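> could you look at this predicted model? Sequence included:
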Amino acid sequence: MIIAVTGSGGKLGRATVERLRHLGHEVIGLDLAGPAGPGFTRVDLADYGQVLDALLGVTARHSGVDALVHLAAVPVNGLIPDAATFDNNVTASFHVLHAAYRAGIRRIVTASSITATGFPFEVAPPSLPLDESVAAAYNTYALGKIAEEAISAQLVNWAEGTSITALRFTNVVGADEYATFERAGEPGYRRDLLGSWIDARDGALAVQLALEHAEPGFEVYNVTHPQSGVADPSRVVAERWFPGTPVAADLGEYESLFSARKIVVRLGFAPEHDWR
């Protein structure tokens with residue numbers, strides 16, 4: 001397939017481009033910065049005309065793409081003012097998704113976030129492990145992700161056969177960032193992430209599987225390592241952080257409290273990297 005990847009210069013974007021190319025796909029990176037050459041085109045996603053034009057075709061790059069992976073975003077609150085975070089991310093996502101519709105691209109994977117489920121979890125989750133049925137926003141980045149999921153759920157019905165998969169990524173850890181797990185025994189470590197994490201290379205695996213298993217309609221998956229990023233057993237951690245919150249009777253000893261059950265069962269997700 002010819003696959004366009006927005007945000008190709010980011011941590012997850014780089015890993016995704018590398019994995020898809022290794023599998024034999026032709027990948028066109030779309031971002032504000034990236035390596036010059038046939039695999040990259042500079043695009044400002046705030047400009048709808050640029051986005052639509054880039055997806056329809058770019059001379060010396062491609063004449064149309066088969067699938068789209070949308071990863072570009074201001075990645076967290078605080079880098080720019082709050083309202084600007086929302087405006088930037090939601091506008092860019094609308095431009096990408098609507099341009100894909102106009103360009104006839106029917107296989108789309110887009111990045112959502114654990115933040116759309118209640119991060120930083122000052123309000124306790126309704127139950128653990130937290131699954132995809134929950135949507136709650138407590139900052140403008142999260143609010144934007146919920147809005148983007150809602151847009152996707154509607155746009156998927158505008159053209160027959162369209163598939164849009166939203167992947168709710170937790171904290172993405174690069175191959176050179178494992179030193180952070182030296183703190184895994186601290187009582188509050190990763191509490192705002194429900195103890196979850198995902199290696200960037202395994203995040204790319206989730207994108208690959210979402211593309212390969214795409215079916216018409218809109219679907220949401222949590223993307224997290226099935227095992228937690230903290231040292232203590234998950235049931236102990238759940239009681240420490242969220243006393244009184246219902247916990248599944250079959251919770252694994254070190255199972256992630258941000259549930260990976262759906263993506264493991266439905267897509268066969270089996271991460272290749274672990275910190276333990």
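Right, received. Where do you want to start? Numbers count the residues shown, from 1 in each chain.
> CA atoms for contacts and neighbours, from now on please.
Fine.
> surely residue 27 is within a helix?
No. Under DSSP: H, G, I helix; E, B strand; the rest coil, residue 27 sits outside any helix and is assigned strand.
> so what pairs up with it in the strands?
Taking DSSP bridges, one finds residue 3 as the beta-bridge partners of residue 27.
> roughly how far apart are residue 274 and residue 263?
Separation of residue 274 from residue 263 (Cα to Cα, to the nearest Å): 17 Å.
> those two: which has the busier surroundings?
residue 263 (21 against 15; other Cα atoms under 10 Å).
> and the pLDDT at residue 25?
Residue 25 carries a pLDDT value of 98.
> what's the answer for residue 35, then?
Residue 35 is assigned 88 on the pLDDT scale.
> quick check: it vs residue 61, distance?
Distance of residue 35 to residue 61, computed by Cα to Cα: 13 Å.
> which of these two has more neighbours?
Legend: neighbour count by other Cα under 10 Å for residue 35 and residue 61, higher for residue 61 (15 against 12).
> so who does the more buried one touch?
28, 38-41 (Cα atoms under 8 Å, 6 or more residues apart in numbering).
> please, where are all the strands along the stretch 1-150 of the chain?
Taking DSSP state E, counting those that start in this stretch as the criterion, the stretch 1-150 of the chain carries its strands at 2-6, 26-31, 40-42, 67-70, 107-113.
> same list, the ones you listed, but as a markdown table with distance to residue 17 and mean neighbour count please.
Formatted as a markdown table, the strands of the stretch 1-150 of the chain follow (distance: least, Cα to Cα, whole Å; neighbours: other Cα atoms under 10 Å):
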| stretch | distance to residue 17 | mean neighbour count |
| --- | --- | --- |
| strand 2-6 | 7 | 25 |
| strand 26-31 | 7 | 24 |
| strand 40-42 | 10 | 20 |
| strand 67-70 | 10 | 24 |
| strand 107-113 | 13 | 25 |
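> and these: which comes nearest residue 169?
strand 107-113 (4.7 Å; Cα to Cα).
> what sits up against that closest one?
66-71, 142, 145-146, 148-149, 162-170, 207, 210-211, 214, 222.
> one more time with 6 Å, if that's ok
Strand 107-113 has contacts (Cα atoms under 6 Å, 6 or more residues apart in numbering) with 67-71, 145, 163-169.
> list the neighbouring strands of it plus their orientation.
Strand 107-113 has its sheet partners listed here by DSSP bridges as strand 67-70 (parallel), strand 163-169 (parallel).
> columns mean pLDDT and distance to residue 203 on top of the ones you listed, output as a markdown table?
Shown next, in a markdown table, are these (pLDDT from 0 to 100; distance: least, Cα to Cα, whole Å):
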| stretch | mean pLDDT | distance to residue 203 |
| --- | --- | --- |
| strand 67-70 | 98 | 12 |
| strand 163-169 | 98 | 8 |
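> as CSV, those strands with distance to residue 125 would be great.
As requested, these are arranged in CSV below (distance: least, Cα to Cα, whole Å):
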stretch, distance to residue 125
strand 67-70, 28
strand 163-169, 16
